[in-house]
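1. pasting a predicted model and its sequence here:
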Amino acid sequence: MDSPLMIIIEASESKSRRAFGDGKSDSAQIMKKYYKLTILIMAILLVGLILGSVALGRFPISVKELFGILGSKFFRIRPFWTPSQESLLLYSRLPRILMAVLVGCSLSTAGASYQGVFQNPMAAPDLLGASSGAAFGAALAILLNLGNTFTMIFAFIFGIITVLIVVLIGNSIRGKRALSFILAGIMVSSLASSGVSFIKLVADPTDQLPAITYWLMGSLNGIMPRDLLFAVIPMAIGLIALLLLRWRINILTLGDEEARTIGVNTKALRIIVIAAATLVTSACVAVSGIIGWVGLVIPHIARKVVGDDYKKLLPASMLMGSFFLLVVDDLSRCLFTNEIPIGILTSLVGAPFFIYLIVKDGNRS
Amino acid sequence: MSLKIDNIYFSYKNHPVLKGVSFEAGKGELISVLGPNGVGKSTLFKCILGLLKPEQGDVIINGTSLKEMTPAMLAREIAYIPQFHNPVFSYTVFDMVLMGTTAQMSKLSVPKEEQMKYAEEALKILDIYHLKDRNYANISGGERQMTLIARAIAQQAKILIMDEPSASLDFGNKIRLMKTVRTLTNNGYTVIQSTHDPEQACFYSSKILAMYDGQNLAFGRPPDIIDSRLISKLYGMDIDVINLDRQVISCVPKDLHRMNKELSWLTPKFPETEETIQNLSE
C-alpha cells in the first residue's frame, strides 16, 4: 500500500541518499578517478593566476618584465623596465602575492587537519583559539606601542600559548578527548576575546583603537619581504609535517579506540597534528590578521572534488586555498581605489557560498 | 598462536567491573563471551586490546605480555572489529580496508603497492571485492560489517576481537556473518566475540566464556557447560534450555514453556536430570 506519506518519506530518503555520495554527479566521480590530473590542472591554474596577479594593479608590470626583473638577479639582462617597476615588484607586489598564496594554503590545510583530528567537518583553524589568542597578543602589542614587528611576534606567540593552554586543559578533562579540547577551546577563546575587548576599551581612541580594529579585520596590505621570511619557516615546518602525516589523519577520524586498535598512537599523533596546524595558523594570523572562512570553506570544496581521503584531500586543499585567497586578495586591492580588508571579502564570498553548498548537498555529519 | 588472559581485575573509579577473569584461546578457536548487560564484556575486550590497563593480571600474546608491546606491535597481533557505524567522513570501502594496513608502514608514509595488495586480498577473502569503490556510508549494515572484518584481515593480525558483531544485523546477515567467521577460524584465525544470543553461541563456538558479576561463571565447550541452570543464573530468570542436538539448543522461558502443552514433551536440559524429572512430575 503506497500511502502518500510513505511516498514522501521514500522520496526524501532517496533524495538524501543522492546527497550522500553514491549518486554524486558524474563529474565528481571522474575527478576522483583522475586525482593526479585534477591536481596537475589545479597547479597549472595556480601558476597562471600568480603570473596574472603580477600584472594586475594600478602600475602595470607585464609577465615579460616579471621574468626580466627576476632573471636579472641571476643573469646579466639589460633592463627594459623602470627602476620604480622593479622596486614595486620586489618589495611590494611579489611578497604580497606569495603571502596570499602561503596564507591561503596554510589556513585551508590547517582547517582540513583540525576537521580530521576533531572528527568534525565544521571545525576551523581557530577552533582551539589560535586566532583569538593571536588577536589578544596583537592588541596588547599595539596598546604598548611596540611597533609592527612586535605586533607580529606577539600575535604569533600568543596564538601558540592559547592553544597550549587549551590542550593542557583538554587533557585534564575526563571523557571524550576531542570534545574536551573543543570545550576548552571555546572557553579560552572567549577569555581571549574579553581580553581584546578590554584592551579596546582602554586603548587610545585616536590611533591605537583604529589600528587594533584594522588588524582584526585581516589584511595583506603592506606585506614586506621580511614578513614573508618571518612567516615562511613556521609555515613550512607545519605544512611539511601535516603532509607527511596525511594518511594517519584518516585513521584519527575513526575515533580514538578504533584508531588505537589499528596501531596508531592517537594521543601523540593528535598532539603533533594540532601542534603543526597551530604553528601554521599562528604564523598566518601574525602576518595577515584574522582571515575567516578560508579554513572551513576550502577543505569543504576540496572534499567535494577529491573525496575525504586525506592522502588526496590535503594536497587539493593546499592548491585550492592558495588559489582562492589570491583571487580574493587581487579583488581586495584592485576592486576599489581604497583597499578593502581581505578578511571582510573572504566572509562576504565564503559565507554565502558555504550556505549554498549546505543547502544543495545537505549536511553530511 | 596463543592468547592467555590471566586473572584480570579492573575497576572504573571505585566501581569494580572485572574481578578475576581468566581464559585461554588457541589457534582456530571461536570463543563466545556470554553475560548480561553491564557484566564487563566490553571492558574485558578493551583490556585485551590494550585500551584499558588492568589493575591486576596480564594479557599474554604468543608468550609476550601486553605491557611490553607498542600499539603498532599489538595491532599486528590483534585486530578489533567494532559494530558497524556511521563514519563522520565518507571513505570508499577500499580506503576503509586499506586503513587496516597502517601498522605495517613507517609513520610518515602513505600506503604503497604492497598495502594495496593486502587490502585487495582481504576484500576478496570476504567476497566483497565488488564493493571496492562504493562509499562506505551508503552500503548496507551487513556489508559494512564485512568491510570492517576485511579491514581486520588486511591488518594481518591473527586474533580478531568482535564486539557483538551480529547485534544489528538481520537474520540472514547474522548467519552469513557467522559462516564467514567460521571460515576464518578454519583458516587459522582466532576469533573472540561477545554475544547476547546463547543459541547462536552454542551452535557456532568452540568454547563459551560465561561471565557473571565480573568473574568466570563457566568456561568450556558448549555442550559441557550450557544448561538451564547456567542460562537462568546468567540472565536472572527461569529459562529452560532444550537440547535439540549436540550443539543445537533452544532457550525458552520456563513459565511459557510449561504452559504450552504441545511443547512440554521437549525435555529441558538440566544439570541434575533426576531432579528435573521429579520437578516435572509434580
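-> Looks like it arrived, so ask away.

2. show me where pLDDT drops low in chain B?
-> B:261-264, B:270-282 (pLDDT under 70).

3. is stretch B:104-124 positioned near chain A?
-> Yes: legend: contact between stretch B:104-124 and chain A by C-beta under 8 Å from any C-beta of the partner chain is shown at B:M105, B:K107, B:L108, B:S109, B:V110, B:P111. (Glycine included, C-beta is placed from N, CA and C.)

4. please identify the buried residues of that stretch?
-> B:Q104, B:M105, B:V110, B:P111, B:Q115, B:Y118, B:A119, B:E120, B:A122, B:L123 (16 or more other C-beta atoms under 10 Å in any protein chain shown).

5. just name the closest of these to chain A, please.
-> Using C-beta to the nearest C-beta, B:V110 comes nearest to chain A of the buried residues of stretch B:104-124, at 4.4 Å.

6. from the rest of the structure, what touches the host helix or strand of B:A122?
-> According to DSSP states H and E, B:A122 maps onto helix B:113-125. Applying C-beta atoms under 8 Å, 6 or more residues apart in numbering or on different chains, the external contacts of helix B:113-125 come out as B:93-94, B:97-98, B:100-101, B:104-105, B:111, B:129, B:131-132, B:150-151, B:153-154, B:156.

7. kindly report the same for stretch A:254-269.
-> With C-beta under 8 Å, 6+ apart as the criterion, stretch A:254-269 contacts A:119, A:176-178, A:245, A:248, A:251-252, B:46, B:49-51, B:70-76, B:78-80, B:82, B:87, B:99-100, B:102-103, B:151, B:155, B:161.

8. show me which of these are buried.
-> The neighbour-count test (16+ other C-beta under 10 Å) marks A:119, A:177-178, A:245, A:248, A:251-252, B:46, B:49-51, B:71-72, B:74-76, B:78-80, B:82, B:87, B:99-100, B:102-103, B:151, B:155, B:161 as buried among these.

9. among these, which lie within strands?
-> B:I78, B:A79, B:Y80, B:I161 (DSSP state E).

10. centroid residue for chain B?
-> B:Q193 (0.4 Å; C-alpha atoms, centre = their mean).

11. which residues does that residue bridge with?
-> B:S32, B:M162 (DSSP bridges).

12. quick one: it and B:V33 touch, right?
-> Yes: taking C-beta atoms under 8 Å as the definition, B:Q193 is a contact partner of B:V33 at 7.1 Å.

13. what touches both of those two?
-> Common neighbours of B:Q193 and B:V33 (C-beta under 8 Å, 6+ apart) do not exist.

14. those residues of chain B touching chain A, which are they?
-> B:46, B:49-51, B:70-76, B:78-80, B:82, B:87-92, B:95, B:99-100, B:102-103, B:105, B:107-111, B:134-135, B:137-138, B:151, B:155, B:161.

15. counting by contacts, list what the helix or strand encompassing A:I186 packs against.
-> Assigned by DSSP H and E, A:I186 belongs to helix A:177-202. Applying 3 or more C-beta pairs under 8 Å, 6 or more residues apart in numbering or on different chains; DSSP states H and E, we find helix A:177-202 packed against helix A:130-143, helix A:148-172, helix A:208-217, helix A:266-288.

16. scan chain B for its longest helix.
-> Taking DSSP state H as the criterion, chain B has its longest helix at helix B:171-186.

17. any of the contacts of helix B:113-125 buried? List them.
-> By 16+ other C-beta under 10 Å, the contacts of helix B:113-125 give B:93-94, B:97-98, B:100-101, B:104-105, B:111, B:131, B:150-151, B:153-154, B:156 as buried.

18. and the two most separated of those?
-> B:M105 and B:L131 (23.8 Å; C-beta to C-beta).

19. show the contacting residues for A:A43.
-> A:A43 touches A:L319, counting by C-beta under 8 Å, 6+ apart.

20. now do it, the pLDDT please.
-> Here, the pLDDT recorded for A:A43 equals 96.

21. now do it against chain B, distance only.
-> 19 Å (C-beta to the nearest C-beta, to the nearest Å).

22. now swap in A:A236 and tell me
-> 16 Å.

23. does that residue sit in a helix, a strand or a coil?
-> helix (DSSP: H, G, I helix; E, B strand; the rest coil).

24. got it, and B:D240?
-> strand.

25. could I have the CA atoms of the helix holding B:A122 written out in PDB?
-> Extracted C-alpha coordinates of helix B:113-125, given in PDB (Å, rounded to 0.1, in the frame of the first residue of the first chain):
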ATOM      1  CA  GLU B 113      51.600  -1.200  -3.700                       C
ATOM      2  CA  GLU B 114      52.200  -3.900  -1.000                       C
ATOM      3  CA  GLN B 115      49.500  -2.500   1.300                       C
ATOM      4  CA  MET B 116      47.100  -2.100  -1.600                       C
ATOM      5  CA  LYS B 117      47.600  -5.800  -2.300                       C
ATOM      6  CA  TYR B 118      46.800  -6.800   1.200                       C
ATOM      7  CA  ALA B 119      43.600  -4.700   1.100                       C
ATOM      8  CA  GLU B 120      42.500  -6.200  -2.200                       C
ATOM      9  CA  GLU B 121      43.200  -9.700  -0.900                       C
ATOM     10  CA  ALA B 122      41.100  -9.000   2.200                       C
ATOM     11  CA  LEU B 123      38.200  -7.800   0.100                       C
ATOM     12  CA  LYS B 124      38.400 -11.000  -2.000                       C
ATOM     13  CA  ILE B 125      38.500 -13.200   1.100                       C
END
